[in-house]
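Colleague: next one to model:
(2 chains)
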Amino acid sequence: MNELLIIRNLTVKFYTYDGVVQALDNLDLDIKQEETFGLVGETGCGKTLTALSILRLISPPGRIESGSICFNIDDGDEPIDLLAIGEEEIRAIRGSKISMIFQEPSSALNPVYTIGDQVSEVILLHRRQELVNKAIETITALLAGRNSLVNILANPMRLAERSLYQKIAQNPHSLWPRIVGRIPIMRRLLQRLKDEAKKMAISMLKEVEIPDSERVAQQYPHQLSGGMEQRAVIAMALACSPSFLIADEPTTSLDVTIQDQILELLRRLKSERESSVLYITHDLGVAAQICDRIGVMYAGSLCEIARVDDLYANPLHPYTKALLAAVPKPGEEPHAIGGTVPDPLNLPSGCRFHPRCSRAIGMCREHVPPMHELASGHFIACHNYQGETGGSSC
Amino acid sequence: MEVLVETRNLETHFPILKGVLRRPAGAVRAVDGINLTIGKGQWMGLVGESGCGKTTLGKTLLRLLSPTSGHIYFDVPNETKDEMDLLEESAANPTKLQALRRRYDLATYPSKQLKAIRRRMQLVHQDPYTSLNPRMRIKDIVAEPLAIHKLMPRKQIRDRVTEILQMVGLTDQHLRRYPHEFSGGQRQRIAIARALATNPDFIVFDEPTSALDVSVQAQILNLLGQLKRNQELTYLYITHNLTVAESVCDSIAVMYVGKIVEIGTPIELFHSPKHPYSQALVLSTPIPDPKRKRGRVVLPGEVPSPTNPPPGCRFHPRCSRTTEECERLEPELRQSGNTSWVACWHPLS
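Modeller: So this is what the prediction gives:
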């Protein structure tokens, strides 16, 4: 399998009044095609920040300091570095090639637009060519219709409309249709584009299993339940069939029965559309059920990457072990991790976990452990395992 | 087992007022006929989906909300309860019944009497970021209940506060700080310290760890277990996280739209759930082990509104075992084992 996304040496810093926070520290990460990669860790360890850096959505005082994020848009093409391209190009990628599902569906949706409007916005923006072609088709079908009086009267108008759309089809992203769309009388001509987008939005809502989707498309977010809102957000994210989907804790605010339905939906859509998913969660139970590979993060760096069976059966990094032991299990007391998560302004030197680690050795205090492959596909950043197997470095 | 808290047909409804005259046009039946018994020293879990009335039940038990009808008995001997039941049935001596109720039934307590009993029952809220006053120092937060109940002279309060903070794993140097200087886990410890200050018998925890990470959650759960053993406490633990309830509780009650549908020990509930709703809940809880997969039960439809719950069994529109009986008659909570109760016409075997 080829890599879809290759992150190298990603460093993100936040310049606050209290000092510089190193939020991500030399992060290396590969995501393969058609896999679900889970990113787990505690609050504030940089999971969401990794996702936001991929989309270049980090706003000041945060800044991406260095690194590269190579994204393989289509098979065979030269991968592009998302951090090197211009603002226009990244905007063309956001929402169409890479899209994101946010944690809180009620705040991800705009309360003053209907669900249908919000889903069709993505389609209007990124799938214009398709929309224009569809509009031309519809007009042609109308023109070929029966020669009734209505048709005879309307046909000249439709012919004009068709020639307009044919002109747009030559360059769907040109500026003039947008300017024409602002003129009140001419706006009417472009209505067909919006109608087509609405139709596609409704079929998208059907695909995410929203019952009665025509009615839901007319409704506002506050009229839906949390589960339905999250489905609408998923419909928005998948409207342009992205090859890479980032899901940032999509089920955290939902009940378990709804969570189960959403996870099943994501699983089905992912296999149907052959896309990759970056699944961010702090729930190790959910991660075990949906992910193929998992990366464990602690204080801005990755400490272990492994296939899901491997990670749960044979966790190697002391932090992974402690995190898995902290999950409540029937009949035994959960094991707490001693100490607290370090202050991001004042991170410990060397390995960031060493003050809380039971297996810390002298070296941990001074040197940051490099990520290396211990067994096939099992990467770990810990000095304790340094000499054991010398795999190629990740 | 000695009973500490018992409710009989407890109902808490919130009226919906409409029109200029604010006439009641219906009610949200948040808690609708609950019979729950919590033994002394028991760690009772209360699980259910959001909006099913868990928090309302917890607050009604403490009389922070007034029940619409029903009785709450807190540490009342069984004989007294029986006597009241007899009097109510025979309707022979209404004056005596009323006197007894005023004395023993928490649901009808006047406010003066309530204050006295509130020393013995406390609440820990869900979100430690909003439950602590940001303008008070930790020592004042923990000392406040002591001052309100006038439990000790001012000179002793300081020592008592230090002692309680030590119990929850905080030290002297935290005394003069403000809540914003603490992490989520530490704040929840402060909230627990405040609840412990008056030496209560019964504490209601309203999702105390849902805002915390797993590692911090483990710390808090360990602390709660330790405190329960040392202080002989009784807990009602409200949560929507079944994994937590399974690992720490002695007994778990499952709630659905204002009603309790099943009560059982974690082992009974997780290995052989009797009510179809508990089964669906258990099966949809993810297991942190990729090799173990649970079967799936998909519940059709959505949770009904508590304003207008379906007739008969409230779960029947979503249940796969519905018969005509379920649509007409409401099932009572019946004993199905030594420690288990279920409210279903066709329980799973």
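Colleague: alpha carbons only for contacts and neighbour counts from here, please
Modeller: Will do.
Colleague: who in the stretch 101-250 of chain B is up against chain A?
Modeller: Within the stretch 101-250 of chain B, the positions near chain A by Cα under 8 Å from any Cα of the partner chain are B:213-219, B:221-222, B:240, B:243-244, B:246-248.
Colleague: could you list the contact residues of the stretch 151-300 of chain A toward chain B?
Modeller: Residues of the stretch 151-300 of chain A lying near chain B by Cα under 8 Å from any Cα: A:255-257, A:259-261, A:282, A:284-289.
Colleague: is it possible to export those to JSON lines including secondary structure?
Modeller: Formatted as JSON lines, those follow (DSSP: H, G, I helix; E, B strand; the rest coil):
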{"residue": "A:255", "secondary structure": "coil"}
{"residue": "A:256", "secondary structure": "helix"}
{"residue": "A:257", "secondary structure": "helix"}
{"residue": "A:259", "secondary structure": "helix"}
{"residue": "A:260", "secondary structure": "helix"}
{"residue": "A:261", "secondary structure": "helix"}
{"residue": "A:282", "secondary structure": "coil"}
{"residue": "A:284", "secondary structure": "helix"}
{"residue": "A:285", "secondary structure": "helix"}
{"residue": "A:286", "secondary structure": "helix"}
{"residue": "A:287", "secondary structure": "helix"}
{"residue": "A:288", "secondary structure": "helix"}
{"residue": "A:289", "secondary structure": "helix"}
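Colleague: number of nearby residues for the residue nearest to residue B:135 when sequence neighbours are not counted?
Modeller: Among residues not flanking residue B:135 along the chain, residue B:178 sits closest, at 7.0 Å (Cα to Cα, 6 or more residues apart in numbering or on different chains). When neighbours are defined as other Cα atoms under 10 Å in any protein chain shown, residue B:178 has 18 of them.
Colleague: please apply the same query to residue B:231.
Modeller: Residues near residue B:231, counting by other Cα under 10 Å, number 13.
Colleague: got phi/psi on it?
Modeller: Dihedral pair for residue B:231: phi -100, psi 0, per degrees, to the nearest 10.
Colleague: and it, how far from residue A:275?
Modeller: Look at residue B:231 and residue A:275: by Cα to Cα, to the nearest Å, they are 55 Å apart.
Colleague: for residue A:110, same thing?
Modeller: On the measure of Cα to Cα, residue A:110 and residue A:275 end up 27 Å apart.
Colleague: sec struct for the nearest residue to residue B:346 once chain neighbours are set aside, please.
Modeller: Closest residue to residue B:346 apart from its sequence neighbours, by Cα to Cα, 6+ apart: residue B:321 at 7.2 Å. Three-state assignment for residue B:321 (three-state DSSP): coil.
Colleague: separation between residue B:321 and chain A?
Modeller: As judged by Cα to the nearest Cα, to the nearest Å, residue B:321 and chain A stand 18 Å apart.
Colleague: just give me the neighbour total for that residue.
Modeller: Residues near residue B:321, counting by other Cα under 10 Å, number 13.
Colleague: tell me the pLDDT of residue B:266.
Modeller: Reported pLDDT at residue B:266 in the predicted model: 92.
Colleague: secondary structure element holding the spatially closest residue to it that is not a sequence neighbour?
Modeller: Distance criterion Cα to Cα, 6+ apart; nearest residue to residue B:266, sequence neighbours excluded, is residue B:246 at 5.1 Å. Element membership for residue B:246 (DSSP states H and E) is helix B:242-248.
Colleague: so how far is that helix from its chain's centroid?
Modeller: Distance of helix B:242-248 from its chain centroid, counting by Cα atoms, centre = their mean, to the nearest Å, is 15 Å.
Colleague: name the helices or strands packed onto that helix?
Modeller: If you count contacts as 3 or more Cα pairs under 8 Å, 6 or more residues apart in numbering or on different chains; DSSP states H and E, helix B:242-248 packs onto strand B:43-47, helix B:266-271.
Colleague: quick one: mean pLDDT for it?
Modeller: The average pLDDT for helix B:242-248 rounds to 90.
Colleague: quick one: closest of the helices and strands packed on helix B:242-248 to residue A:173.
Modeller: Closest of the helices and strands packed on helix B:242-248 to residue A:173 is strand B:43-47, at 53.0 Å (criterion: Cα to Cα).
Colleague: okay, now stretch B:84-101: how far is its last residue from its first?
Modeller: Length of stretch B:84-101, first residue to last, Cα to Cα: 8 Å.
Colleague: what comes up buried for it?
Modeller: For stretch B:84-101, a neighbour-count test (16 or more other Cα atoms under 10 Å in any protein chain shown) marks B:84, B:87, B:97, B:98, B:100, B:101 as buried.
Colleague: could I get those as JSON lines with distance to residue A:9, secondary structure and pLDDT?
Modeller: Output for the buried residues of stretch B:84-101, formatted as JSON lines (distance: Cα to Cα, whole Å; DSSP: H, G, I helix; E, B strand; the rest coil; pLDDT from 0 to 100):
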{"residue": "B:84", "distance to residue A:9": "74", "secondary structure": "helix", "pLDDT": "85"}
{"residue": "B:87", "distance to residue A:9": "78", "secondary structure": "helix", "pLDDT": "86"}
{"residue": "B:97", "distance to residue A:9": "77", "secondary structure": "helix", "pLDDT": "85"}
{"residue": "B:98", "distance to residue A:9": "75", "secondary structure": "helix", "pLDDT": "85"}
{"residue": "B:100", "distance to residue A:9": "74", "secondary structure": "helix", "pLDDT": "85"}
{"residue": "B:101", "distance to residue A:9": "71", "secondary structure": "helix", "pLDDT": "84"}
